[in-house]
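Q: Attaching a predicted model along with its sequence, questions to come.
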Amino acid sequence: MSSRFVIAAATAALLVGSAAAGFAQSASTVGTGAGSVGASGSSGVVGTGGSAAAGGTSASSLGLGAQSTTPTTSSSSLGTGGSAAAVDGHVMSHSGVHGNRNLSGQSMDQAHQPGGVWSKSHTQTHVRHGELTGRTKSMSHEPGGPPVKSTTGSSVNLGQ
């Protein structure tokens, strides 16, 4: 529950920031990953996230996947989430994780205002057989110009 509060607070900050900036459109993404492989096992983590804001809308999404393997056991985890906000419009926010040993998750978040103003963020994360990948694409749009886009990806191969 606290992670939903953090995401909602970040979205509110983006929304307030976009209003103070005269409704400028923006989109940003970030990704990182790290892995370690040795005789006693391997471990890795990958994460991506992003946000977009335009007019009275904002959207953000993020994903984090991890895997740890020893000669006798393996464990994986994946978490994803996001949020969307609109002053006077429609919002959609869906997140889910599927799988057992091979995990896949995604978060799709978007907000639309009347008149063609919108913000979107989409994150996909996968943990499969020692291959950890994440990708985030964030976009925003105001009428009169092209959408602003930002995309990032990150991957870690543990050689399994």
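A: That came through, no problem. Please read these numbers as outputs of a predicted model, since none were measured by experiment.
Q: burial of Ala39, as a residue count?
A: Ala39 has 6 neighbours, counted by other C-beta atoms under 10 Å. In short, each C-beta sits where N, CA and C put it, glycine included.
Q: ok, it to Leu158 distance?
A: Using C-beta to C-beta, to the nearest Å, we find Ala39 at a distance of 14 Å from Leu158.
Q: Ok, His94 next?
A: 29 Å.
Q: now swap in Thr151 and tell me
A: From Thr151 over to Leu158 (counting by C-beta to C-beta), the distance is 24 Å.
Q: Same check on Gly82?
A: Per C-beta to C-beta, Gly82 is found 27 Å from Leu158.
Q: quick one: which of the two has more around it?
A: Gly82 (27 against 20).
Q: Can you tell me the SS state at the more buried one?
A: At Gly82 the chain is in strand, as set by DSSP: H, G, I helix; E, B strand; the rest coil.
Q: What is the subsequent helix or strand relative to the helix or strand of the chain at the bottom of the mean pLDDT ranking?
A: When the helices and strands of the chain are scored by mean pLDDT, DSSP states H and E, helix 2-20 comes last with a mean of 42. Toward the C-terminus, helix 2-20 is succeeded by strand 26-38 as the next helix or strand (DSSP states H and E).
Q: isn't Gly105 right up against Gly63?
A: Yes - contact criterion C-beta atoms under 8 Å: Gly105 and Gly63 qualify, at 5.8 Å.
Q: Overlap in contacts, the two.
A: Taking C-beta atoms under 8 Å, 6 or more residues apart in numbering as the criterion, Gly105 and Gly63 both touch Leu78, Gly79, Thr80, Gln124, Thr125.
Q: re the thing from before, please say which of Gly105 and Gly63 ends up with more neighbours.
A: Gly63 (28 against 22).
Q: which helices and strands sit right next to the host helix or strand of that one?
A: According to DSSP H and E, Gly63 maps onto strand 57-69. For strand 57-69, the elements it packs on are helix 2-20, strand 41-54, strand 74-86, strand 103-113, strand 117-128, strand 131-141, judged by 3 or more C-beta pairs under 8 Å, 6 or more residues apart in numbering; DSSP states H and E.
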